[in-house]
Structure formats: structure tokens, C-alpha cells
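In: Here's my sequence, what's the structure:
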Amino acid sequence: MRIGLLGGSFDPPHNGHLLAAGDVYDALGLDRVVFIPAAVQPLKAGQAGATADQRLMMVRHLVDGDPRFEVSAIEIERGGLSYTVDTLSNLAARWPGSELFWLVGADVPQSFAKWREPERIVELATVVVMERAGDAPDLSAMPGRPQRLLTRRVDVSSTEIRQRVKEGKSIRGFVPDAVAGYIATERLYR
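Out: Next comes the predicted model:
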């Protein structure tokens, strides 16, 4: 099995996440892409937003009905700070013989050295840096052999969505209707 793993805070998840995951699925010939919401990202600890359970539910709404994608609650169930190396170690043991691809954005190479055990991460999975037209991250400081993969440019961010909700603006087109409905029902980001 060839499995793409897409971790993040997903606060909230949006259509850009779906499009990038679809691009990677096709380009790498993956069997599936697993979305993994973090319990607490070490480099974002202390930032307010939706709870871990709310973010998990939004990601489930995001991928619902798409057979290419699934959601894992592994980091939320483990609780505490979410370290990629712990998640990859667990998933490698759970799926022996599978080829794992850790999917990251073009902003990650600049902070990758701060991650816990970056050398072990690249032993457990191929790191795939999803780049958009105009991105030019320097991968020279990253251990292993990270792959570059061009994905479509979708200029939407979770930060922008949270701000739009706070200002009472529409988020139609930014997120699937099920995610927008959940945000409204839970009164998130107000």
C-alpha cells in the first residue's frame, strides 16, 4: 500500500486541503490519503481555535464520501503535543510493508529542523513538499531526500476563513457546505 499522510491543525479544514490531497493522490499513485488532525501542534501550542474534537469532526465532514480519503484520530486519541515522529512510528507498526508519504506544505522546510527527531521521520516516510507555482522552498537543510511535488495554487487559508467568520462574511467556496454548516452550528471563530 502507498499511503499519503496529511497532518495539521485543520482549524478549519478547507477546499485547498482537498485539492492538494487530490493532486498528491494522483501524482504519486497513492492507494489513499489519510488526514490526521493534531491534538496540539508543538509549534502552535497556546493558540486559540476550535477544540481537537471539533477539528476532527470538521475534517470528517471535509472528506465525507470521497473514497480516496480517510481520517485518523490517532493524534487526538493519544492527546498532548502531537509529534510527527510518534505518529509515523505508530502507523508504520500498524501498516507494516506500506510505503508512507508524509505530506507537508512549502512552509515546512524552514521549520523542519525544529521538529522532534527529523532524521527518524525521514527513515519512516518519504517527506513530500507540496509546492504551488511561485513557491521555491530551500530543501537543502532537510535530512533525507524530500520530494518536491507541484500542486495547484489555491489561495485560501484557515486564518482567512477564521477572520471571515469573525467578521460575519460568507465562507461559501472556501469550505464544503458540511464544514460551513458545522462552523455555524458550533458557533466557531466568532
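In: quick check: longest helix of the protein.
Out: Secondary structure assigned by DSSP state H gives helix 15-28 as the longest helix of the chain.
In: list the buried ones in that helix?
Out: For helix 15-28, the neighbour count (16 or more other CB atoms under 10 Å) marks Asn15, Gly16, His17, Leu18, Ala20, Ala21, Gly22, Asp23, Val24, Tyr25, Leu28 as buried. C-betas here are computed from N, CA, C, even on glycine.
In: quick one: contacts for His14?
Out: Counting by CB atoms under 8 Å, 6 or more residues apart in numbering, His14 touches Leu62, Val156, Ser157, Ser158, Ile161, Phe174, Val175, Val179.
In: Looking at the protein, which residue reaches furthest from the middle?
Out: The centre of the chain is farthest from one residue, Gly168, which by CA atoms, centre = their mean lies 26.0 Å away.
In: what's the spacing between that residue and Ala184?
Out: 11 Å (CB to CB, to the nearest Å).
In: And Arg78, by the same measure?
Out: Remark: distance between Arg78 and Ala184 (CB to CB) = 30 Å.
In: Any regions of the protein where pLDDT drops low?
Out: 41-48 (pLDDT under 70).
In: Please enumerate the strands of it.
Out: For the chain, the strands defined by DSSP state E cover 2-8, 32-37, 69-71, 99-105, 126-132, 147-151.
In: and the second one, which strands flank it?
Out: Right, the one you point to is strand 32-37. Using DSSP bridges, the strands paired with strand 32-37 are strand 2-8 (parallel), strand 69-71 (parallel).
In: from what I can see Phe101 touches Gly4, true?
Out: Yes: between Phe101 and Gly4 a contact is recorded at 4.7 Å, counting by CB atoms under 8 Å.
In: Report the separation between Ser111 and Leu30.
Out: 25 Å.
In: same question, Val24
Out: 7 Å.
In: now the helices for the protein?
Out: For the chain, the helices defined by DSSP H cover 15-28, 52-63, 74-78, 84-94, 118-124, 158-166, 177-186.
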